[in-house]
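A.B. asks: I'd like to go over a predicted model; first the sequence, then the structure.
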Protein chains: 2
Amino acid sequence: MSRPQRGTLRDVRKGNRSVVLWTLYFANELSRHDLAQTTGLSAATVSNVIGDLIADGIVVETGSVDSDGGRPRIMLRVDPSYGYVVGVGVGETRVRVELYDLAMKERARKEFALDPSHHEPAVVARHILDGLEAVLSEAGADESEVLGMGLGVPGVAEQGPDLLIHARAFGWDGVPLGALLREGTSIPVFADNGVKTTGQAELWFGAGKGAQHLVMTFIGTGAGASIINGGVTYRGTANGAGEWGHTKIVLDGRPCRCGGQGCLEAYVGAEAILAGAGRDLGDDDEESVFAALLADPLARPAFEEAVRCLGAGLANLINLFNPERVILGGWAGSLLGREFLAEIRAAAARYALPLPFSQASIELGRLGPEAVALGAATLVVEDFLLRSHAVRPAGRGETPARAAGPAHS
Amino acid sequence: MSRPQRGTLRDVRKGNRSVVLWTLYFANELSRHDLAQTTGLSAATVSNVIGDLIADGIVVETGSVDSDGGRPRIMLRVDPSYGYVVGVGVGETRVRVELYDLAMKERARKEFALDPSHHEPAVVARHILDGLEAVLSEAGADESEVLGMGLGVPGVAEQGPDLLIHARAFGWDGVPLGALLREGTSIPVFADNGVKTTGQAELWFGAGKGAQHLVMTFIGTGAGASIINGGVTYRGTANGAGEWGHTKIVLDGRPCRCGGQGCLEAYVGAEAILAGAGRDLGDDDEESVFAALLADPLARPAFEEAVRCLGAGLANLINLFNPERVILGGWAGSLLGREFLAEIRAAAARYALPLPFSQASIELGRLGPEAVALGAATLVVEDFLLRSHAVRPAGRGETPARAAGPAHS
DNA sequence: AGTAGTTGTACTAACATTTGAAATTACTTC
DNA sequence: GAAGTAATTTCAAATGTTAGTACAACTACT
């Protein structure tokens, strides 16, 4: 069992450093005084910690402004150029590599199409490494300035030294992607399911801002969910939590592409809706066909059916997790939400218990599909904020052996 | 968002005290040396903390035993008689009040039948207070020796100063049970859903021992679940998480007593199974009818159907939570499990995704229905271990104003 | 028996870190 | 230019941890 905390001493310092840094990062700009109030630490300690942080180059003073009769406050912020972070979105049809600064401003991007018949780990790893090199040279940055690389993958990422990836869509079963990448770069690598990274992006910068307990749903061709409890992503034993799409909603109902029957995905996934409307997408792009279909009155019944099922699916999440907010995301989820939000809410109300339903709001995601990479990059930032490694070597090539694939439990 | 920890100083001491106490409590008996190794603290600190704890009367030395060539170790343990804790199980048909010592040995018990037509808050509160008095006098204990009282209630307990209880079965909608009880006693009161308290009992003393991520299911007349993540009960926004029974498993399927349709409970609840077997229980006890029915070959199809649905329900939990262990509990769940465990496992395997299923084991609960009160009492112990309030006044009547209804977030 | 070896516990000095109060600083306003 | 005001920094406690050492209480060997 054993749940209580650390037995610590000067980790108090590290802890406070994290608290201050975390607070400052999300507030954007704060004075030492503000920080003292927000964190509850004494002014002296804040001053102290900030001193370190400034000495380390992580925090910078951004001019003293404002004053109504007293010493003006010196505003502080995390230096966006302290380092870069890389976010990678590995999708079924493409690999996207993005470079951000610490403020999460995109600095460079590189995309590779992924041949649906070539999902070999080596190919993907190659794309990622090539992309890394490309974005770095585009931004004129050096690998030593990168704090880490986060991967959003379509499957389960088992945390551990080798970052085992299980991705059914790719036929990957325990591919040590972390180990593969480490052969080409010494940047620390983090990975997580793409749905979870998107969820974290929404949590940090999108519709989930400020919420403690929320469920982020993600409907595209399939359906998944990311559960956030107390501001932290729920992972389960092997980081496999959130397989909402294959939750049974109609016992022995429609066949699903997972081989099972009656999965939610078989009712609310884009593929399922298109099939339900009798649409065969031949060579067309699934997304545009879907969007077009939304305007087609003849397809209405198919959407209504999907909305009903989606309501039940959301209701199940609400009953089980008692979230304060439920977010509809994923490209198909966003389209459905934009068109049918009221109906979806009504359907959820019908299927959920009144009490938890009344405590939850159902909202649209605010970030697009590119949030996979953004969220993946936040994994790096999260790690940085939480255990901001002493001093980063300003030196060039001499990359010290950095611990890769940190435990994210 | 904001997730990082406290900004602290001498709370380190408190923290270490908790770590030591917690470790010692669950290990039963340990020497100072063992504690140092287990907790990772230095021997000096352990010695120090234990000194305090002994001075406070919380820990006692239990003779020096054992030795294979060295100074014999002095064994320590939490003094079971340091204080009492009270556990209350509020069920639909009875209220049970139990008195335990800190080692969770039952010292006294008192039961009240609850007239199904009289569920008024005042009646229940009266029973609890009477029960408290009864068990205290039976054990010859004084109220001042009681560390707290934990309540397991059939509904949602919203943590807060007044401990609002929402219990549909009782027609309670936001009853301030904590406030009611505080009028009759000054003992701190904790409360939680009965399913959750049972889950915690299994976690501490039963089939969940040692697991970090588990889901405890509870099937009786209805069905509920308690989710434990990282050793901590998952609560959601308003402690309402875990309403598994009203999760939709067959869209617009069988009507459920909640007013909805297709709820899991309408397929696996005892009532539903009995109805499915065409059994009307007249005046008989539901439990004994159910047990008898298990032996009836004619009722086999009804059970098989229930097992199938239960498998699907468990599969949904496994997909969503990725637990390492799933526990079948509740009186009906236990009976079903004893008879059909293999079939239930097979059904779950059929409906769950292979990866999460392979990481989860499905097991029988080890504690009986009386665990509601036991688990409720653990709420008190948990609080005691985590923030073991400085010194407890040994004095008699003069009960200091103790904070009641502590936040359990 | 006596002595050496081993293991658990207590004690002391060194060090790290927070805090509250006082001092300092850097502005505004009169 | 003096006074006022609010943000920072400085400084001396207070507190708690750790490492290392001393001490205690046994066993086992000679």
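C.D. replies: Yep, it's here. Numbers count the residues shown, from 1 in each chain, chains lettered A, B, ... in the order given.
A.B. asks: Can you list the buried residues in stretch A:265-280?
C.D. replies: Neighbour-count burial for stretch A:265-280 flags A:265-274, A:276-277, A:279 (criterion: 16 or more other CB atoms under 10 Å in any protein chain shown). C-beta: built from backbone N, CA, C; applies to glycine.
A.B. asks: What segments of the stretch 201-350 of chain A are strands?
C.D. replies: A:214-219, A:223-229, A:232-233, A:325-329 (DSSP state E, counting those that start in this stretch).
A.B. asks: Of these, which stretch is the most buried?
C.D. replies: Highest mean neighbour count among these (mean count of other CB atoms under 10 Å in any protein chain shown): strand A:214-219, with a mean of 30.
A.B. asks: got the CA coordinates for that strand in CSV?
C.D. replies: Output in CSV follows, covering the C-alpha atoms of strand A:214-219 (Å, rounded to 0.1, in the frame of the first residue of the first chain):
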residue,chain,number,x,y,z
LEU,A,214,-11.8,16.2,-16.4
VAL,A,215,-12.2,13.7,-19.1
MET,A,216,-11.0,14.6,-22.6
THR,A,217,-12.6,12.5,-25.3
PHE,A,218,-11.1,12.1,-28.7
ILE,A,219,-13.1,10.9,-31.6
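A.B. asks: Give me the contact list for it.
C.D. replies: A:195, A:198-199, A:202-203, A:208, A:223-228, A:244, A:268-270, A:310, A:313-314, A:317-318, A:321, A:323-333, A:336, A:365 (CB atoms under 8 Å, 6 or more residues apart in numbering or on different chains).
A.B. asks: any low-confidence regions in chain A?
C.D. replies: Low-confidence segments of chain A (pLDDT under 70): A:1-10, A:66-67, A:281-283, A:388-409.
A.B. asks: So which residues on it come close to DNA strand C?
C.D. replies: A:10, A:12-13, A:16, A:41-45, A:48-49, A:64, A:67-72 (CB under 7 Å from any atom of the strand).
A.B. asks: These in strands, which ones?
C.D. replies: Judged by DSSP state E, the subset of these located in strands is residue A:64.
A.B. asks: near DNA strand D, which of the residues of chain A next to DNA strand C show up?
C.D. replies: Answer for the residues of chain A next to DNA strand C near DNA strand D (CB under 7 Å from any atom of the strand): A:43-44, A:48, A:68-72.
A.B. asks: and of those residues, the nearest to DNA strand D?
C.D. replies: DNA strand D has its nearest neighbour among these in residue A:70, at 1.9 Å by CB to the nearest atom of the strand.
A.B. asks: just wondering, since we're on that closest one, how far is it from residue B:219?
C.D. replies: Plainly put, residue A:70 is 65 Å away from residue B:219 if you go by CB to CB, to the nearest Å.
A.B. asks: Next: residue A:190.
C.D. replies: 40 Å.
A.B. asks: same check, this time on residue A:297
C.D. replies: Using CB to CB, residue A:297 is found at 46 Å from residue B:219.
A.B. asks: what are the ranges of the helices in chain A?
C.D. replies: A:11-27, A:32-39, A:43-55, A:121-139, A:177-182, A:194-205, A:265-268, A:270-276, A:286-294, A:300-321, A:331-351, A:354-359, A:371-386 (DSSP state H).
A.B. asks: what would the ones you listed look like in a markdown table with distance to residue B:212?
C.D. replies: Shown next, in a markdown table, are those (distance: least, CB to CB, whole Å):
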| stretch | distance to residue B:212 |
| --- | --- |
| helix A:11-27 | 22 |
| helix A:32-39 | 30 |
| helix A:43-55 | 32 |
| helix A:121-139 | 30 |
| helix A:177-182 | 23 |
| helix A:194-205 | 19 |
| helix A:265-268 | 29 |
| helix A:270-276 | 35 |
| helix A:286-294 | 39 |
| helix A:300-321 | 19 |
| helix A:331-351 | 31 |
| helix A:354-359 | 25 |
| helix A:371-386 | 20 |
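A.B. asks: So for residue A:83, which of the ones you listed sits nearest?
C.D. replies: Among these, helix A:371-386 comes nearest to residue A:83, with 7.7 Å by CB to CB.
A.B. asks: Can you pull the residues of chain A lying near DNA strand D?
C.D. replies: A:7-9, A:31-34, A:43-44, A:47-48, A:50-51, A:68-74.
A.B. asks: change it to 6 Å
C.D. replies: With CB under 6 Å from any atom of the strand as the criterion, chain A meets DNA strand D at residues A:9, A:31-33, A:43-44, A:47, A:69-71, A:73-74.
A.B. asks: Please identify which pair of these lies farthest apart.
C.D. replies: Applying CB to CB across the residues of chain A next to DNA strand D, the maximum distance is between A:9 and A:69, 42.3 Å.
A.B. asks: the more surrounded of those two?
C.D. replies: residue A:9 (12 against 4; other CB atoms under 10 Å in any protein chain shown).
A.B. asks: Residue A:80: how many residues sit nearby?
C.D. replies: 15.
A.B. asks: from what I can see it touches residue A:103, true?
C.D. replies: Yes. Here residue A:80 reaches residue A:103: they are 3.7 Å apart, a contact under CB atoms under 8 Å.
A.B. asks: Apart from its chain neighbours, what residue comes closest to the residue positioned nearest the centre of chain A?
C.D. replies: Nearest to the geometric centre of chain A sits residue A:197, at 1.9 Å (CA atoms, centre = their mean). Excluding its sequence neighbours, the residue lying closest to residue A:197 (CB to CB, 6 or more residues apart in numbering or on different chains) is residue A:375, at 3.3 Å.
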